[in-house]
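Undergrad: here you go, sequence then predicted model.
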Amino acid sequence: MNRYIQAPVSKEEAAQLKAGDYVYLTGTIYTARDAAHKRMKEALEEGKSLPFDIKGNMIYYMGPSPAREGRPIGSAGPTTASRMDKYTPQLLDLGMAGMIGKGKRSPQVIEAIVRNKAVYFAAVGGAGALLSKCIVSSEVVAYEDLGTEAIRRLEVKNFPVIVVIDSEGNNLYETAIEKYKKV
């Protein structure tokens with residue numbers, strides 16, 4: 001099913017999404033990879049605030065290449081999500097609505113997705129140049145010294161993703177394998 005939704009995604013909207021749905025996101029999302037996640041964890045451990053309001057927002061696991069002339073960002077393909085698994089349950093418990101990446105997630109992350117009625121989307125790996133065309137603006141909001149791993153606020157328009165793990169824990173990676181085995 002094709003869905004056009006506004007980011008950030010509400011819990012009510014996330015609950016309506018099902019594994020396998022094609023979704024086109026328009027609105028605000030944030031980027032963060034390993035180094036930024038580590039810094040956010042350290043900030044929380046020190047009793048400090050996160051550099052953006054995590055509640056209701058979504059993190060895209062991506063580090064862009066340099067922008068070409070006239071473009072807000074360079075190639076913007078997804079990073080392997082499992083690298084952020086040790087940080088994700090805490091962020092979901094703090095109100096993060098979802099994530100965009102590629103690849104499987106740990107059982108702990110899946111439990112946190114269900115517990116928090118969140119969603120995990122996949123963006124197509126290897127299509128970073130095409131995905132960047134859906135990014136209207138890009139602004140570094142924290143950890144600029146991390147370069148491509150800095151946290152950015154992106155404005156996206158019809159950014160294509162697929163629901164991989166929905167708020168009920170249905171996992172497209174598992175169901176697709178079972179479906180394929182039957183064929």
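TA: Nice, thanks for sending it over.

Undergrad: which pLDDT does the model give residue 183?
TA: In this model, residue 183 is scored at 58, pLDDT.

Undergrad: and for residue 89?
TA: 98.

Undergrad: contacts for stretch 159-179 next, please.
TA: 11, 14-15, 17-26, 29, 100, 104-105, 110-111, 113-114, 117-124, 131, 134-135 (Cβ atoms under 8 Å, 6 or more residues apart in numbering). Where you see a C-beta, it was placed from the backbone N, CA and C, and this is true even at glycine.

Undergrad: among those residues, which ones are buried?
TA: With neighbours counted by 16 or more other Cβ atoms under 10 Å, the contacts of stretch 159-179 contain buried members at 14, 17, 19, 21, 23, 25-26, 29, 100, 104-105, 110, 113-114, 117-123, 131, 134-135.

Undergrad: circling back to that earlier point, of the contacts of stretch 159-179, which belong to helices?
TA: Those of those mapping onto helices are 11, 14, 15, 110, 111, 113, 114, 131, per DSSP state H.

Undergrad: which among these gets closest to residue 154?
TA: The shortest gap between residue 154 and any of those belongs to residue 131, at 10.5 Å (Cβ to Cβ).

Undergrad: distance-wise, check that closest one relative to residue 80.
TA: Here the criterion is Cβ to Cβ, to the nearest Å. By it, residue 131 lies 16 Å from residue 80.

Undergrad: now do residue 15
TA: Distance, residue 15 to residue 80, using Cβ to Cβ: 27 Å.

Undergrad: for this structure, what spans make up the helices?
TA: Assigned by DSSP H, the chain shows helices spanning 11-16, 34-45, 88-93, 107-115, 128-132, 172-182.
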